[in-house]
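A.B. asks: Can you look at this prediction? I've put the sequence above it.
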Amino acid sequence: MLGVSQAELCERAGCSRSSLNDFENGLRVPRAAGARRIAEALVALGAVFIPHDGRFAVAVRPDSHRERTARARSFAGRDGGGAK
């Protein structure tokens, strides 16, 4: 949804792709510092974390959308937003 690759997120967050994949797939739980770095990188890229029922929902600031990945393009096409 942000239009960034795993490689870019990992570079910004200072983690490896294998660690990020493990976090995404529920194989590992990131340490607090690692989770904070990933969250900060996501926020810097345009993510917004919204508290909901003791957890967080994630949204994307409309002004930060970048259509660089196929997934980002598919999300942009769903509501007509972000199309060039």
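C.D. replies: Everything's here; your move.
A.B. asks: Nearest the middle, which residue of the protein would you pick?
C.D. replies: With distances taken as CA atoms, centre = their mean, the residue of the chain nearest its centroid is L42 (4.9 Å).
A.B. asks: right, and it touches C10 too?
C.D. replies: No - with contact defined as CB atoms under 8 Å, L42 does not count as touching C10 (11.7 Å). In short, each C-beta sits where N, CA and C put it, glycine included.
A.B. asks: So for stretch 30-48, what gets flagged as buried?
C.D. replies: 30, 34, 37-39, 41-42, 45-47 (16 or more other CB atoms under 10 Å).
A.B. asks: mind giving me TSV with the residues you listed and columns for pLDDT?
C.D. replies: Below are these laid out as TSV (pLDDT from 0 to 100):
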residue	pLDDT
P30	90
G34	93
R37	95
I38	95
A39	94
A41	95
L42	94
L45	91
G46	91
A47	93
